[in-house]
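Peer 1: sequence? don't have it. structure:
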């Protein structure tokens, strides 16, 4: 698996995936092609944006988009973001990509704390993030009524992974 610079065509393809799984996302509305082009131009391509985005390629095929958003450089925090092509889900690529995002966050960007939130109306996502959090002894909590979708409020799984726990596992193979 490789992380590479995101192209505009990659970004436009992601729009289709995200619009087909709106229940899993924080943004509660569909994005137009123009909105996605604007995101690409003003966020993905903007070196001064408070986020970093990568195309995920497997065997030279584009299979996902990974990112760190809401980066607070002064606090060393960022939110993790990940979307995998629908046909590539359930194959372990999401977990592998999440590991690569953590590596970039902690070892390249020198961040101290990566956090995220996944809604319970996304059972595949809950499985992925809880597995990752278990591996790194992350702090996690269930929050009530965080996503309104299909006429129902859904709880969320909120987590934070610390650089120190990441290093402990990576350097010794042990967890607390």
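Peer 2: All right, it came through fine. This structure is a prediction, so every number in the text was calculated from the model and none was measured. Numbering: from 1, shown residues only.

Peer 1: can you tell me the helix or strand for the residue lying closest to residue 2 once chain neighbours are set aside?
Peer 2: Excluding the flanking residues, the one nearest residue 2 by Cβ to Cβ, 6 or more residues apart in numbering is residue 57, at 4.8 Å. Backbone N, C-alpha and C define where each C-beta goes, glycine included. Assigning secondary structure by DSSP states H and E places residue 57 in strand 52-58.

Peer 1: pairing partners for that strand, with directions?
Peer 2: When pairing is defined by DSSP bridges, strand 52-58 lines up against strand 2-4 (antiparallel), strand 61-72 (antiparallel).

Peer 1: out of those strands, deepest packed?
Peer 2: Of the strands paired with strand 52-58, the one with the most neighbours on average (mean count of other Cβ atoms under 10 Å) is strand 61-72, at a mean of 18.

Peer 1: ok, and what's touching it?
Peer 2: Strand 61-72 is contacted from outside by 3, 6, 10-11, 13-14, 50-57, 77-85, 88, 93-94, 97-98, 100-101, 104-105, 109, 111, 114, using Cβ atoms under 8 Å, 6 or more residues apart in numbering.

Peer 1: what's the local residue count around the residue nearest to residue 135 when sequence neighbours are not counted?
Peer 2: Sequence neighbours aside, residue 169 is the residue nearest to residue 135 in space, at 6.6 Å (criterion: Cβ to Cβ, 6+ apart). Using other Cβ atoms under 10 Å, residue 169 has 14 neighbouring residues.

Peer 1: A helix includes residue 169, no?
Peer 2: Yes. Counting by DSSP: H, G, I helix; E, B strand; the rest coil, one finds residue 169 located in a helix.

Peer 1: isn't it up against residue 134?
Peer 2: No. Residue 169 sits out of contact with residue 134 when judged by Cβ atoms under 8 Å, with a separation of 10.7 Å.

Peer 1: what ranges do the helices span in the chain?
Peer 2: Secondary structure of the chain (DSSP state H): helices at 8-19, 33-39, 93-103, 123-135, 163-172.

Peer 1: what's the third one packed up against?
Peer 2: When you say that, I think you mean helix 93-103. Judged by 3 or more Cβ pairs under 8 Å, 6 or more residues apart in numbering; DSSP states H and E, helix 93-103 is in contact with strand 52-58, strand 61-72, strand 77-84, helix 123-135.

Peer 1: do you know how far the closest residue to residue 88 other than its chain neighbours is from residue 165?
Peer 2: Distances taken as Cβ to Cβ, 6+ apart place residue 63 nearest to residue 88, at 4.4 Å, with adjacent residues excluded. Distance from residue 63 to residue 165, counting by Cβ to Cβ, to the nearest Å: 28 Å.

Peer 1: now swap in residue 153 and tell me
Peer 2: Applying Cβ to Cβ, the value for residue 153 to residue 165 is 31 Å.
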